[in-house]
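Engineer: What shape does this take:
(one chain, ligands or ions: 1)
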Amino acid sequence: MKKITLLTILFFCQLTMYAQQATSLKLMPMPKQSMLNIGKYRITGKFTVSIQANTADTTLYKAINRTYQALNRKTGLIFGQQYITATDRSDSASLVIAVKTIASAAIGVDESYSIKVDEKQVKLEAPNTIGVLRGLETLLQLWDKDNIGYYFPCIVIDDSPRFKWRGLMIDAARHFITFDEMRKNIDAMAAVKMNVLHWHLSDDEGFRVESKLFPKLQLDGSNGDYYTQAQLKELVVYAKDRGIIIVPEFDMPGHSQSWFAGYPELASQPGPYRPGPRGQWQKEHPDPNARKSTSLADIIANLEAPTFDPTNEKVYAFLDKFVGEMATIFPAGYMHIGADENNGLAWRQNPAIAAYMQQHNIQNTDDLQKYFVSRMYAILKKYHRQLIGWEEIYNDKLPADAILHKWIPTDGMIKSYGKTNDLATHHSVLISEGFYLDMFMPAYMYYNNPAFVNAASPNILGGEGAQWTELADNNNIDGRIWPRAGAIAERLWSPANVNDVDDMYRRLFLFRNQLDEQGLSHISNYERALRRLTNGAPIENLQTLTDVLAPVKGYRKLMAAMFKPAQATFQTTALTNVSDIVFVDSETKRKFRRLVQIYLEKKDKNAEEQIKAYLISWQQNDGLLKLVFAGNKRLTEVEDHSKNLATAATIGLDALNRIDKGTANDAAWVKQQSNALDEFGKAHNETEIAVIPEIGALVTGHLSNEPVSYSAF
Ligand code: ACM
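Structural biologist: Reported below is the predicted structural model:
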């Protein structure tokens, strides 16, 4: 009996701790284990740091100084210790860091660390440099402020990652992403303990790397926007200093038009070529009605796409030299060869290639691609690089150390090469299925990515968020990737049972502010884009509307862009429409949803007042926007949304009134208003109103769970 009582008390203590933790910690990703204790370590101007480590560990000293100055800037306390050096070894410093060995960023390196904060001292311990880097990011998120000042909460953290590959793929080919932008994204990745930047550096639309051996690659294969070798090397070091490796991707044999602008002799067809989107989308199906009846699989299968000639030995000689050159720039032991979406059409259309296939008893273009991949595998091996390819490289002869990158959803829309666990039987696998950020899905969908619920095999290395940039450029990419990639980072770092969506969103929006403070431009880009849309007039009312708009989910916007005539490609169309600039996850929606949930559960008066305040502001906003809309063609795309939001808000206020008066159960009224709201909730001109389901919940009295998936098209 006594035992049971003690256990019960322990259980409740743990629950209390958990509750306290869940409502106050702002860590992203959440650590493997943490125990919040009572008390605070106060940060003052006397905050000092000491290090017990190998003095040669320059990465470590740089990181500690960066963190110290970040805290200094945040608190404004003017810390007295100018630089932290190897001579700072005092046991009584405010923050004592102890590390045993030097380590560099690498897949599989120990990334564990522990933090102990009590009222007297903060301690960070790790077996190696990388663990300290991860722990320093935790410390930067752990600080807090109360009415006395800044502090670290007393806590014990024991942390290490669930997966060893936690990546972000950025496509710098469709739109060029500048060196500076890349650097800021690396900072953001470091903040959430991601460790691989997968950099998609060439595609049909652009070749983004300087080659000294083959300069026509960048000179003819881009619009002049490419990274110099000096920049590439600098970024590799910048990433390494933050515990991140860079894995370059050079997509081949398809997605390769830009290579052929300067070197048409490498292609399966004579050319000439210039970099740019494949120009075939509109040509294949000039009649828009016919297009609708054509499946995506058919379109992809019939798309003419420039492709390397796999039967030409000169291709392999060229690629051998090129890979050798890139291996001197990118030291990580991996290279991604893409190999996705090659429909084989360019090969079938070349009689010499068809003859080669016959001569060599190659049955079909899938087998020819297999041959191409095997040749690239050998070239990469020569330069000690492990081959990674999108799942299309999969075949039963593929060498065991080639890494498969799963991306195709297993919904049958396009041919998938297998389920993740099957692919992982003989190969290491990376998962980007369900992590495509360019699909405009809300963060909770990435967070709940089913691929990770079922990720059973130890061969699953981890995954990568993927930001393709047909619809993202230097001006909006920060808000496209962040903060949503934080949810992906947490899925890859934290234990599987860290899965409370409400708490994830609470921390995600705090993380969004952290990123702003760090220098990422997602918030300032949004505000600047709104000012562009109002021609410099005040943005407040427009923002009341756009704060509750989201881009249409899936690939509808992308497909529309692809079917535009050749002179209006996605590369030349400015990404400054409302759908290009609004956040995928509306923070207002999340707050409003929470209030509606609390109100419907408890009829909480405070929640009701806040809901009313939102509804009244939306109801009135349409009138206030009249002047902004007048003569502004760029905003006609959201005028209907503004009206609909006002009408929806009126319905919401009516619903609250009816609940108060006890007349909310009028079935005919509920049906009529729900139907109206359903219409308002539909995507229109590439955006949709994000708060309609919550207003609908006021009408029906029931807040439905959010959809587990949305259609891609
Ligand atoms: C891909 O999205 N084609 C890898």
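
Engineer: So which bits of the stretch 451-600 of the chain are right by the ligand?
Structural biologist: Applying C-beta under 6 Å from any ligand atom, one finds that the stretch 451-600 of the chain does not approach the ligand at all. Every residue, glycine included, has its C-beta placed from N, CA and C.

Engineer: And the helices in the stretch 451-600 of the chain, which stretches?
Structural biologist: Using DSSP state H, counting those that start in this stretch, the helices of the stretch 451-600 of the chain run over 477-481, 484-493, 501-518, 522-533, 540-546, 556-562, 578-581, 587-602.

Engineer: list the buried ones in the fourth one?
Structural biologist: This points to helix 522-533. Neighbour-count burial for helix 522-533, with 16 or more other C-beta atoms under 10 Å as criterion, is recorded at His522, Ile523, Asn525, Tyr526, Ala529, Leu530, Leu533.

Engineer: circling back to that earlier point, for the helices of the stretch 451-600 of the chain, give me CSV that also has mean pLDDT.
Structural biologist: As requested, the helices of the stretch 451-600 of the chain are exported to CSV (pLDDT from 0 to 100):
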stretch, mean pLDDT
helix 477-481, 98
helix 484-493, 98
helix 501-518, 97
helix 522-533, 98
helix 540-546, 98
helix 556-562, 86
helix 578-581, 97
helix 587-602, 98
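
Engineer: from these, which stretch is densest packed?
Structural biologist: Sort the helices of the stretch 451-600 of the chain by mean neighbour count, taking mean count of other C-beta atoms under 10 Å, and helix 484-493 sits at the top with a mean of 28.

Engineer: what residue ranges in the stretch 251-400 of the chain score low on pLDDT?
Structural biologist: 279-296 (pLDDT under 70).

Engineer: hmm, try it at 50
Structural biologist: Within the stretch 251-400 of the chain, the stretches with pLDDT under 50 are 293.

Engineer: What parts of it come near the ligand?
Structural biologist: Near the ligand, when you scan the stretch 251-400 of the chain using C-beta under 6 Å from any ligand atom, you find Asp340, Glu341, Trp390.

Engineer: Need the buried ones from these selected in PyMOL.
Structural biologist: Only the buried entries of those go into this PyMOL selection, using 16+ other C-beta under 10 Å:
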select buried, resi 340+390
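
Engineer: Go through the residues of the stretch 251-400 of the chain next to the ligand and flag which are in strands.
Structural biologist: Trp390 (DSSP state E).

Engineer: Please, where are all the helices along the stretch 151-300 of the chain?
Structural biologist: Counting by DSSP H, counting those that start in this stretch, the helices of the stretch 151-300 of the chain are 179-191, 216-220, 229-241, 257-262, 281-284, 288-292, 296-302.

Engineer: Need the winner for burial among those helices.
Structural biologist: helix 257-262 (a mean of 26).

Engineer: And for the residue in the chain positioned nearest to the ligand, nearest residue in space, chain neighbours not counted?
Structural biologist: Closest residue of the chain to the ligand, C-beta to the nearest ligand atom: Asp340 (3.9 Å). The shortest distance from Asp340 to any non-neighbouring residue, by C-beta to C-beta, 6 or more residues apart in numbering, is to Trp390 (3.8 Å).
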